[in-house]
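Engineer: Here is a sequence with its predicted model. Questions after.
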Number of protein chains: 2
Amino acid sequence: MNFILWILLGSTLGLLFSFYQANVVMKADEGEEKVKNISFKIRKGANAYLKRQYKGVAIFFVLMFIIFLIMSFFGYISIFVPFSFVIGGFLSGLTGFIGMKVATNANSRTTTAAKKSLNGALKISFKSGSIIGIVVVSLGLLYIALGYLFLDWYYSDLQEVERLLQVTTNILTFGIGASSMALFARVGGGIFTKAADVGADLVGKVEVGIPEDDPRNPAVIADNVGDNVGDVAGMGADLYESYVGSLISSCALAVAAGLSTEGVFVPLLVATLGVVASIFSSFFVEAKEDASQKNLLNALRRGTYISSIIVAVGSFFIVKYLLGAENLGVYFSILSGLIAGILIGFFTEYYTSDNYKPTKNLADMSKTGPATIIIGGLSLGMSSTAIPVVIVAISVLISFNLSGGSNDFNLGLYGIAISAVGMLSTLGITLATDAYGPIADNAGGIAEMADLDPEVRKRTDALDSLGNTTAATGKGFAIGSAALTALAFIAAYKDSIENLVKSGEYSFEFNLSILNPQVLIGLFIGGMVTFLFSAKTMDAVGRAASKIVVEVRRQFKEIPGLMEGKGEPDYESCVDICTKSAQQELITIAIIAIATPVIVGLILGPNGVAGLLAGSTVTGFAMAIMMSNSGGAWDNAKKYIESGVLGGKGSDCHKAAVVGDTVGDPFKDTTGPSINILIKLMSMVSIVFGALILAFGIL
Amino acid sequence: MNFILWILLGSTLGLLFSFYQANVVMKADEGEEKVKNISFKIRKGANAYLKRQYKGVAIFFVLMFIIFLIMSFFGYISIFVPFSFVIGGFLSGLTGFIGMKVATNANSRTTTAAKKSLNGALKISFKSGSIIGIVVVSLGLLYIALGYLFLDWYYSDLQEVERLLQVTTNILTFGIGASSMALFARVGGGIFTKAADVGADLVGKVEVGIPEDDPRNPAVIADNVGDNVGDVAGMGADLYESYVGSLISSCALAVAAGLSTEGVFVPLLVATLGVVASIFSSFFVEAKEDASQKNLLNALRRGTYISSIIVAVGSFFIVKYLLGAENLGVYFSILSGLIAGILIGFFTEYYTSDNYKPTKNLADMSKTGPATIIIGGLSLGMSSTAIPVVIVAISVLISFNLSGGSNDFNLGLYGIAISAVGMLSTLGITLATDAYGPIADNAGGIAEMADLDPEVRKRTDALDSLGNTTAATGKGFAIGSAALTALAFIAAYKDSIENLVKSGEYSFEFNLSILNPQVLIGLFIGGMVTFLFSAKTMDAVGRAASKIVVEVRRQFKEIPGLMEGKGEPDYESCVDICTKSAQQELITIAIIAIATPVIVGLILGPNGVAGLLAGSTVTGFAMAIMMSNSGGAWDNAKKYIESGVLGGKGSDCHKAAVVGDTVGDPFKDTTGPSINILIKLMSMVSIVFGALILAFGIL
């Protein structure tokens, strides 16, 4: 049992490191009164949002807890499900909460540090980002390790093989709480942030003609709150879910592959190594004062690359020691995932950064107006799906075959699952480079609102613009790993149903041929549900944004002297509206994600469910990449024009590009990054409701 | 052999009817000199385009003919493939050519008839539409019947079972010529028509501020030519391909289902019945002079409903007589397809017509500018995928199970294939109601350009606006039947590979489980290729349109007195540019469609190919519906605003709606309707290259 000790040690180390870093950040100077005051308002808004969100989510969790309790009472699920559901959801929410706390305290400190130097601002914001990153991975790992310990103790009177099966089968259901919470956090936060952003821009920039982050705009605080609840808290919960998902699916598949305890621990130890590597490499992120965009990017990349090399080398020894030389192929599965992640990140950058042709060409399309830049952006996003799909395809082929899939099918599936672990092993540091972006964005907003020296804003802008690139890369990781994890979940789903059948209570035999009408229809519905989910999330943003538009217009009309900077806008009402709408809109979306696999299962049986999961993974992967990249490219095309080309700010080209950017907002920050959660939540629901479906299904 | 006689009789009747109708149309008054002159210009442009397109296509066909000849020389395909490829392509092109001829002669006659009465104009345009519809089905049916006769004679020394297998295996490859031609015609025509439309609008309406169809706009003739080469010739070739595809796949699957000659003839006889029913019901399309939009729609619907009832009743007796009471379930497969087609058509209308809430709400979103109407339209299209997917799912379940799939899997697959035949059986009349739209559109353009009494334009507008609805319905049919036919093709592909293996030369065993990495990767690539194809077709429109923009701007600048109506614009140069760009852009797109299944096959083997086909069908079905419906809804939201709501023409809302409409143009007329051809062409390529892949594949 010394493996588990290592894991506990690693995750504890991560938490201690984060605690230490948080102290360092908090000790930094928060700055002048005005800065403090604005930061306080943002923090207050973010707090209010999360409080309300958690209240709403609590109702859902209590409801599901009762349902699960009843189901476990009748023997359809294990008694651990309701509790692991609540604990998993709680931890996922906690990561989001910590992230928000850190970010809303770091924003003013970054602003203040930027008054002195670029490197100082980078250090504060990146330190804060690394806290978020390391907390996510440490809590994820700790959760699984403690769960493992508990289950291993609970089943200690069973034989090893049987015990391991029980433990991993139960651990497999540990993801549903995290996935549910992640959906709420990501979609809710995404609706909030984009409703505020779009609403603020539509009235502020377009109608009234005041700049971004102007304190006269009543939605400006809501906009800055949005960065924290969407891009920080939402993303934290999302990646916590991805991380946990990749780990539990490979643990479960290890048993099916006949690898026993060692096979279960390989993914967990690789992840532990990743936590330590992330902490270590975070110390190498540093920039010179006269740093160019490129230097800054290199500073961040140094961190990622160092930790990747550590994991690439270290996991070789982990695999060799645990699985022996005869299973060394598993190492190449891990390596292929790690490399695939980096490559997807690179191509995401290629398609969305204005350093490269695609986004430059897109900016050019603004010359013929908004319609052509919209068509161009959609087509850019669609084209950009090709390379990531090929990368994932190659990674699947390599990880399946080299891990031994051609001789032992289950070993190959384990290889696919563990390649996702490889991809996410450096999550601590990639998430750090991702999470620092919204902090810098907020810092810039504060500088603007507090009317600081333009040099400060220039420095935070340099950091923020870089954040757009790293955010795109981070999304690439989340989506790429989701594709691999989702495949692993389909395999795990099949195993879990077969284990139920073996237990003797149910009879069912899989026929997963794509010509089986159940599978086929499942595939169709899986493809469709991705479209439907995307539609509903975009609609939700649109509806919430139009409420903000109405409110901001009202304030400009009714509050005397607001436009002249004499009246005080009512920031809180905008925060309130965003908060309320986000919660309301979530209900339908959550129902789609949870009800679809249950209904499909009841009508089409487990074959149909497997088809559904495959169909949603296939379509969802392409759709998520398209949306993230279209949105990222529109955003950067606009920024590129603002840098002075094609007439610069205020030109007709710029106006067209703003339309593109606005369309891209829900694409890249609400719908795109939520799709991967949808896919995995549907898998988790399918696994948890497996016995119910066998018992009550029509087919 | 008296079955084949009936089929020959039916298709000959169809051709005679079309010939007779063509005479009636040609005898109608073409009108005054000015009208004649404009119509002549459009005809000339359309002729020039088709000539150039066929020249380009001829090179492709000669190239492929040689490749196929070499392949057949080495025994990888039957010697019939190169010839059926050329003949199939020729016939598909012929339907397009006839359609264009009819349409470009009918436009002026419709204009002239509209000077007298609405009913007169409806009659001329609908008669012309019905010629196109009936020619498509008659030629399709005749092609298969004559092919059958020839092959049956060629293999007459074989035993019946073996002979039938040879005949249907060869007939299965009959579709590749039609599919290739359809891709060229639909995509090429789609690029032409939308480049001209977008280009004409961007300069004419937006920059210079002259109305649509203004004779001063140099791209106005190209725009009207586009209606004929895209919406008539392209659509004709497209649906010819769908029709032939549904018939050959069900003929091939009949043999696998052990149904012998009778099973092969059921789809063909149902189709024959459909031809006769379409002719018969076309006589019932008539409107009163004071007809409202609703009356007109009812007039058209009467035709569709009558022929549906005839087929619904008649095919019962066909199935009962040919397959006996024990296989009566096959009848319900046909019926489910027929009903599914009507339902999909209805819901397409619901989502895209401004008589219903979705499009009305979409128009409302123009209040907050172009970005929100774009987001709204995308989300409307995505939402609208849900119901058609469920309809197709139910139809697959019914047609599979009721035809006997639960006992005999192959019988079930035959059921799915024949449900597509049921859906397309009334194609003669649905295509007529679809093809009349662009004729009325053209007639309106001529009325405008010839400066006729506004009453004339009002009448043609009434017809045209209805045409938008029926066109959307027609696209629903094409896409719905494509999903079913594509599924049948996957089954047929498996059979054809297995037949090759049985012949002893190759060894291969299918493992079509979605957990097989080959299948999985195939699925991913299938989903991705749909996105890539969509991107490339939209890009092509964008590039071609920007060339038109440059040319139109040049003419307005360089031709003296053009704006004042004194100078004569150079219409031909715009037609030329559209023609050339469309051809250039086609090359990449054709390569994607043809190379993908071959490359996937060589690397991943037949399992990967099956996955590819399934993935592209699943994603492509949703994508095609989304694109067609988003585009249709934007178009009608704009028209709705033009009718006077939200400030009417020229208001800010209208400007936002024009952006939506422009984005929707390539969606609904280029990319959306081409996706179904992509899916089927990839299936045909997979089938034809099956032996090559078995011989040279890596896996």
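Structural biologist: Received, thanks.

Engineer: and the longest helix along chain A, does that touch chain B?
Structural biologist: Using DSSP state H, we find that the single longest helix of chain A is helix A:571-642. Yes: against chain B, helix A:571-642 shows contacts by CB under 8 Å from any CB of the partner chain at A:610, A:611, A:614, A:615, A:618, A:619, A:621, A:622, A:626. Placement of C-beta: from N, CA and C, glycine included.

Engineer: With stretch A:361-378 instead?
Structural biologist: Yes: counting by CB under 8 Å from any CB, chain B has neighbours in stretch A:361-378: A:365, A:368, A:369, A:370, A:371, A:372, A:374, A:375, A:376, A:378.

Engineer: show me the contacts for the single nearest residue of the stretch 451-600 of chain A relative to chain B.
Structural biologist: Closest contact between the stretch 451-600 of chain A and chain B, by CB to the nearest CB, is at residue A:535 (3.6 Å). With contact taken as CB atoms under 8 Å, 6 or more residues apart in numbering or on different chains, residue A:535 is in contact with B:378, B:379, B:380, B:381, B:382, B:383.

Engineer: State the pair within those that is farthest apart.
Structural biologist: Within the contacts of residue A:535, B:378 and B:383 form the most distant pair, 9.7 Å apart (CB to CB).

Engineer: Tell me which residues touch the residue lying closest to residue A:287 once chain neighbours are set aside, please.
Structural biologist: Nearest non-adjacent residue to residue A:287, counting by CB to CB, 6 or more residues apart in numbering or on different chains: residue A:299, 4.4 Å away. Residues in contact with residue A:299 (CB under 8 Å, 6+ apart) are A:122, A:285, A:286, A:287, A:291.

Engineer: Which one of these is nearest to residue A:492?
Structural biologist: Of those, the one sitting nearest to residue A:492 (CB to CB) turns out to be residue A:285, at 36.2 Å.

Engineer: that older thread, distance of the residue of the stretch 451-600 of chain A closest to chain B relative to residue A:528?
Structural biologist: Distance of residue A:535 to residue A:528, given as CB to CB, to the nearest Å: 10 Å.

Engineer: Pull up the overlap in contacts between those two.
Structural biologist: Counting by CB under 8 Å, 6+ apart, no residue touches both residue A:535 and residue A:528.

Engineer: Can you get me a residue count around residue A:697?
Structural biologist: By other CB atoms under 10 Å in any protein chain shown, 18 other residues sit near residue A:697.

Engineer: swap that for residue A:465, please
Structural biologist: Residue A:465 has 21 neighbouring residues, counting by other CB under 10 Å.

Engineer: Now it. Nearest residue, chain neighbours left out?
Structural biologist: Per CB to CB, 6+ apart, closest to residue A:465 is residue A:639, 6.5 Å.

Engineer: Compute the number of surrounding residues for that neighbour.
Structural biologist: Residue A:639 has 18 neighbours, counted by other CB under 10 Å.

Engineer: How about residue A:294?
Structural biologist: When neighbours are counted by other CB under 10 Å, residue A:294 registers 10.

Engineer: Same list, the contacts of residue A:299, but as CSV with distance to residue A:102 and neighbour count please.
Structural biologist: Converted to CSV, the contacts of residue A:299 look like this (distance: CB to CB, whole Å; neighbours: other CB atoms under 10 Å in any protein chain shown):
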residue, distance to residue A:102, neighbour count
A:122, 16, 26
A:285, 16, 25
A:286, 20, 13
A:287, 21, 24
A:291, 24, 21
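
Engineer: Out of those residues, which two sit at the greatest distance?
Structural biologist: Largest pairwise distance in the contacts of residue A:299, by CB to CB, is 11.8 Å, between A:285 and A:291.

Engineer: Now the phi/psi pair for residue A:212, please.
Structural biologist: phi -60, psi 150 (degrees, to the nearest 10).

Engineer: Next, the contact list for it, please.
Structural biologist: With contact taken as CB under 8 Å, 6+ apart, residue A:212 is in contact with A:200, A:201, A:204, A:205, A:448.

Engineer: and what of residue A:662?
Structural biologist: Residue A:662 neighbours (CB under 8 Å, 6+ apart): A:198, A:201, A:202, B:371, B:372, B:375.

Engineer: Helix or strand: which one has the most centrally placed residue in chain A?
Structural biologist: For chain A, residue A:238 is the residue whose C-alpha lies nearest the centre (CA atoms, centre = their mean; 3.5 Å). Assigned by DSSP states H and E, residue A:238 falls within helix A:235-256.

Engineer: Give me the distance between that helix and the centre of its chain.
Structural biologist: 13 Å (CA atoms, centre = their mean, to the nearest Å).

Engineer: now the helix or strand immediately after it in the chain against helix A:235-256, angle please.
Structural biologist: Later in the chain than helix A:235-256, the nearest helix or strand by DSSP H and E is helix A:260-282. Going by axes from the mean of the first three to the mean of the last three CA atoms, to 10 degrees, helix A:260-282 is angled at 150 degrees with respect to helix A:235-256.

Engineer: any idea of the mean pLDDT in helix A:260-282?
Structural biologist: The pLDDT scores in helix A:260-282 average 94.

Engineer: Flag every buried residue along whatever helix or strand comes next after it.
Structural biologist: Next helix or strand after helix A:260-282 toward the C-terminus (DSSP H and E): helix A:293-323. Going by neighbour count (16 or more other CB atoms under 10 Å in any protein chain shown), the buried part of helix A:293-323 is A:296-297, A:299-308, A:310-312, A:314-315, A:318-319, A:322-323.

Engineer: Please apply the same query to stretch A:27-35.
Structural biologist: Residues of stretch A:27-35 classed as buried: A:28, A:30, A:31, A:35 (neighbour count, 16+ other CB under 10 Å).

Engineer: can you tell me which of these are in helices?
Structural biologist: Reading helices off the buried residues of stretch A:27-35 with DSSP H, I get residue A:35.

Engineer: and of the buried residues of stretch A:27-35, the nearest to chain B?
Structural biologist: Relative to chain B, the closest of those is residue A:35; by CB to the nearest CB it sits at 32.3 Å.

Engineer: Relative to residue A:53, how far out is that closest one?
Structural biologist: Noted for residue A:35: a distance of 27 Å to residue A:53, by CB to CB.

Engineer: residue contacts, the closest residue to chain B within the stretch 101-250 of chain A?
Structural biologist: Across the stretch 101-250 of chain A, the shortest distance to chain B (CB to the nearest CB) belongs to residue A:202, at 5.8 Å. Residues near residue A:202 by CB under 8 Å, 6+ apart: A:545, A:549, A:662, B:368, B:369, B:371, B:372.

Engineer: How many residues are close by the fourth one?
Structural biologist: Using other CB under 10 Å, residue B:368 has 26 other residues around it.

Engineer: That one and chain A: what is the separation?
Structural biologist: 6 Å (CB to the nearest CB, to the nearest Å).

Engineer: Double-check that residue against residue A:548; I have them as touching.
Structural biologist: No: with contact defined as CB atoms under 8 Å, residue B:368 does not count as touching residue A:548 (10.4 Å).

Engineer: Let me see the contact set for residue A:43.
Structural biologist: Neighbour list for residue A:43: A:104, A:105 [criterion: CB under 8 Å, 6+ apart].

Engineer: Can you check my assumption that it lies in a strand?
Structural biologist: No: Residue A:43 is assigned helix when assessed by DSSP: H, G, I helix; E, B strand; the rest coil, not a strand.

Engineer: Between residue A:285 and residue A:291, which contacts overlap?
Structural biologist: Common neighbours of residue A:285 and residue A:291 (CB under 8 Å, 6+ apart) are A:122, A:299.

Engineer: which regions of chain A lie under the pLDDT threshold?
Structural biologist: By pLDDT under 70, the weakly predicted segments of chain A are A:1, A:289-291, A:699.

Engineer: Any idea how far stretch A:593-601 is from the middle of the chain?
Structural biologist: 23 Å.

Engineer: Could you do stretch A:547-566 as well?
Structural biologist: Distance, centroid of stretch A:547-566 to centroid of chain: 35 Å (CA atoms, centre = their mean).
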